[in-house]
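1. Here's my sequence, what's the structure:
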Amino acid sequence: MQAKTETQPYEYFDPIFDGTCEAPVDTGYDLPDYCADIQKLLKCLVTPQVSSYTIAGDSLTCQGVCDIRVLYLDAKGDRVRCCAFTQEFTATAKLKGPGEQAVASLSARVEHLTCRAVSARRIDLHAAVAVSVLALVQKQEQLTCGLEGEGIEKRARTLQSHQAVNGVSHQFTIEDQLPLKNGKPPIESILRQEVCCRVTETRLEQGRVTVSGVAEVRFLYLSALDGAAVEKMSASIDFTQAIDCPGAEEGCLCSLRAVAGESSVQPREDDMGEHTSVGVTVRVFLMACLYRPCEVTLLDDAYSVREPLELQWQQGAFLQLAGRRTEVLKKKCSLAVQGAEIQKVLDLWCEQDSVQASCGEGKLSCRVRYTLCLLYADAQGRPLYQEKAFDHSFSAALEDQQAQRCSAAGRTELWEYRITDKNTVEVSAETTVTAMLYSRASVKYIAAAGASEGASPYERPSRLLLYYAGAGESLWDIAKSHRALLSDLQAQNDLYEDTVPQARPLIICNR
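-> Numbers count the residues shown, from 1 in each chain. This is a model prediction of the structure:
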């Protein structure tokens, strides 16, 4: 006899890749004629950016470009100069299954970098680019929630969970022209640039996800009026994107990733032939995964009063989202220079910022790492460079004690600084960490049941038993051990709870 099963569908996102793949970037660069000779390298800035990605079969291939800017002192040693060029890279991730229906989020960072001037006109660069990839495929599992068969008793449990609704990947390009503000002088050349995306609002409507945010642009440039003076500029570009997403509705929860990909900031000429604005192009990659709350009914035990029953078991992992949590870490960091006096801070920025987060025991724990980069002028007005890595940890109490895991992203901003003595700068840094909190329950449940092969039916003579039950003893265990129907045991003893409230004799009547 094979018991007839009742099933319910459960949708989930299966990660077919969650990790990094590397791409080498090895190049030599000869300075063009318009660039001054190199006396000393100050800083090599390598910014890897994702241009596009393709999925074919079980492989994901990322195409990208590194924006490379080398800051150096010219032959006289009193002016900072920059040579800028690009280098393409390709990285491939081997997926653990077909990825044609996958949604993916990619970001790139520099894992290792060496840069040196082999002559006054040539630079040798070796780097390793790490591309972080999360690729998900939506799958459906049929969960056994009921068994039908004569004489079969089953026990079910109900879990509160979240199941996948839909996942979408979306790409778009932002283009704008930003004028220099506050009477800033025209641009001779851009020394350093930084572009990032920040989502400010996500709205879920019927079959649509609307994402609003800003692309933040910052850059440092040499003034065309004074080739030794540097100027800073920052601006933001608003964007809104409406993405079709079947199944989306107001009650869903959305896990969203927004990453700035290939970007450019190029000086633009005005009618007078001066570079008084910049043209900005930013490629933005979005990945949205939608969930809805649900109840999952699973069978965790069954038996037959007529014949031995063979159970087939399956293991399942069920997600329960606990919401999003944002924490802000404010720190004052001191960066000291050796053998020089800081007369003026030319530029101060943060790079290689990363966040590692975990949750459990009722708290969210975060570890934040970043490098502060300082470009400054000494007492003689010569440009110099210094950097220092920082590592901070902090924790915050959680109201939801069930959350055991989290997926976090963070960004560190520098709000202000001051020169505290002749060779030290004190910096106020603020790291914003946003974490999606969740738990994942691993549950063993019955997938199917049937009579044991070759087993004989139980002998079932009519009998009346008197069983002395202890307080708190499970009625299910009593009925199962005596191969009795649970409903009969409850009715015959006027008990309708799961356990015996107090020690007493029970009547067990086999029919």
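
2. Mind jotting down where the strands sit in the stretch 251-400 of the chain?
-> 253-269, 275-304, 309-336, 344-360, 363-377, 383-397 (DSSP state E, counting those that start in this stretch).

3. Which among those strands is found nearest to Val46?
-> strand 344-360 (9.9 Å; CB to CB). C-betas here are computed from N, CA, C, even on glycine.

4. Return the set of buried residues in that closest one.
-> 346-351, 353, 355, 357, 359 (16 or more other CB atoms under 10 Å).

5. Centre of the chain to it, how far?
-> 17 Å (CA atoms, centre = their mean, to the nearest Å).

6. Please name the strands paired to it in the sheet, noting orientation.
-> Here strand 344-360 has these sheet partners by DSSP bridges: strand 363-377 (antiparallel).

7. Just the buried positions in the partner strand, please.
-> Buried residues in strand 363-377 (16+ other CB under 10 Å): 364, 366, 368-370, 372-377.

8. Please name the bridge partners of Gln87.
-> Cys66.

9. Can you read off the pLDDT for it?
-> If you check Gln87, the pLDDT there is 96.

10. Number of residues surrounding it?
-> Neighbour count for Gln87, taken as other CB atoms under 10 Å: 18.

11. Wait, it touches Val65, no?
-> Yes - Gln87 lies in contact with Val65 (CB atoms under 8 Å); the separation is 7.0 Å.

12. ok, the residue nearest to Leu466 when sequence neighbours are not counted - contacts?
-> Take Leu466 and drop its neighbours on the chain: the residue closest to it by CB to CB, 6 or more residues apart in numbering is Pro505, 5.4 Å away. By CB atoms under 8 Å, 6 or more residues apart in numbering, the residues touching Pro505 are 466-469.

13. ok, 10 Å please
-> Counting by CB atoms under 10 Å, 6 or more residues apart in numbering, Pro505 touches 466-469, 493.

14. Likewise for Leu298?
-> Contacts of Leu298 by CB under 10 Å, 6+ apart are 8, 10, 143-145, 155-159, 314, 316, 318, 443-447.

15. measure it to Leu486 for me?
-> 18 Å (CB to CB, to the nearest Å).

16. So Thr297 sits against Leu143, correct?
-> Yes - at 7.5 Å, Thr297 counts as touching Leu143 under the criterion of CB atoms under 10 Å.

17. so how far is the helix or strand harbouring His112 from its chain's centroid?
-> Secondary structure assignment for His112, by DSSP states H and E: strand 103-119. In terms of CA atoms, centre = their mean, the centre of strand 103-119 is set 20 Å apart from its chain centre.

18. any idea of the mean pLDDT in that strand?
-> Computed over strand 103-119, the average pLDDT equals 95.

19. what do you get for stretch 282-301?
-> 95.

20. Okay, buried residues for that stretch please.
-> Within stretch 282-301, judged by 16+ other CB under 10 Å, the buried ones are 282-292, 296, 298-299.

21. Check those and tell me the two furthest apart.
-> So, those by CB to CB: farthest apart are Val282 and Leu299, at 51.7 Å.

22. Distance of the residue nearest to Leu466 relative to Asp494?
-> 13 Å.
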